[in-house]
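Asker: Sequence and predicted structure are below.
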Amino acid sequence: MGSEGPSVVTVHVTGFKKFHGVSENPTEIIVRNLKGFMQKKGLPEGLVLGSCNVLETAGEGAVPQLYEVLQLAVTGQNKETSERGQIIWLHLGVNSGATRFAIENQAVNEATFRCPDEMGWKPQRAPVVTSDGSISRVRETSLPVSEIVKGLSKMGYDVMPSDDAGRFVCNFVYYHSLRFAEHNRIKSLFVHVPLFLTIDEETQMEFVASLLKVLASPH
């Protein structure tokens, strides 16, 4: 995903706090421990691990926090990175019914929450971004999902591409992030992970480290 010549890929990561039915969100633990884990493991060549933030599992009420986090990455980048490299937003969310990892290709401009979010909001068939028009509008990542899946599968992970990030907070955040990425000429990717009961914490940490390596490598 780098360009010709030396390039730096800066990846900023987010996870989510607890929410209805998931008292311990694995993505909160992954994101809180990621910097220490990568320091021990060693960062892949050409990769800078930027900010690691844990978001409220909420839609409209958490938008100001989300945009503050997104904007800081753009304004806080150093000159070298902005001139020679690429910024990628990596958002992690849990799918409690999943048995494998899913790399999300797109988000839809629709918020239909199956339960209230952590701020009590429960929209039904509402647009994520009203000015984007119809709730059927789709935004796709500019990253090569099939190549990312292929690279991770070769490393032995049970991972699949997905075209459906749901209609809950994960999709809501991804839609906003993809829109922000397009306007700021950066990239965004959402990945769903299972619960630790399904795939243990150590394997999930290794998976995220491997994903960072794939994102840092030129395609």
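Answerer: Arrived safely, thanks for sending. Residues are numbered from 1 along each chain as shown.
Asker: what's the spacing between Phe172 and Ser210?
Answerer: Distance of Phe172 to Ser210, given as Cβ to Cβ, to the nearest Å: 27 Å. C-betas here are computed from N, CA, C, even on glycine.
Asker: Could you do Tyr157 as well?
Answerer: 7 Å.
Asker: likewise Leu189?
Answerer: Counting by Cβ to Cβ - Leu189 and Ser210 are separated by 14 Å.
Asker: sec struct for the closest residue to Leu43 other than its chain neighbours, please.
Answerer: Nearest residue to Leu43, sequence neighbours excluded (Cβ to Cβ, 6 or more residues apart in numbering): Leu49, at 6.2 Å. Of the three states, Leu49 takes strand under DSSP: H, G, I helix; E, B strand; the rest coil.
Asker: And for Phe37?
Answerer: helix.
Asker: Show the contacting residues for it.
Answerer: 205, 209 (Cβ atoms under 8 Å, 6 or more residues apart in numbering).
Asker: Can you give me the pLDDT of it?
Answerer: Here, the pLDDT recorded for Phe37 equals 98.
Asker: His20 - how many residues pack around it?
Answerer: Residues contacting His20 under the criterion other Cβ atoms under 10 Å number 13.
Asker: Check the spacing between it and Met205 real quick.
Answerer: Taking Cβ to Cβ, one finds His20 at 25 Å from Met205.
Asker: try Arg137
Answerer: 35 Å.
Asker: Looking at the two, which is more packed in?
Answerer: Set Arg137 next to Met205 and count neighbours by other Cβ under 10 Å: Met205 wins out with 18 against 15.
Asker: thought the more buried one was touching Asn33?
Answerer: Yes - using Cβ atoms under 8 Å, Met205 is in contact with Asn33, at 6.8 Å.
Asker: pLDDT weak spots in the chain?
Answerer: 1-6, 76-84, 219 (pLDDT under 70).
Asker: Excluding chain neighbours, what is closest to the residue positioned nearest the centre of it?
Answerer: By Cα atoms, centre = their mean, the chain has its centre lying nearest to His91, at 1.5 Å. Computed as Cβ to Cβ, 6+ apart, the closest residue to His91 that is not its neighbour in sequence is Phe190, at 4.5 Å.
Asker: what about that neighbour, how many neighbours?
Answerer: Around Phe190 there are 26 residues (other Cβ under 10 Å).
Asker: Distance check, it against Ser23.
Answerer: Relative to Ser23, and taking Cβ to Cβ, Phe190 is found at 22 Å.
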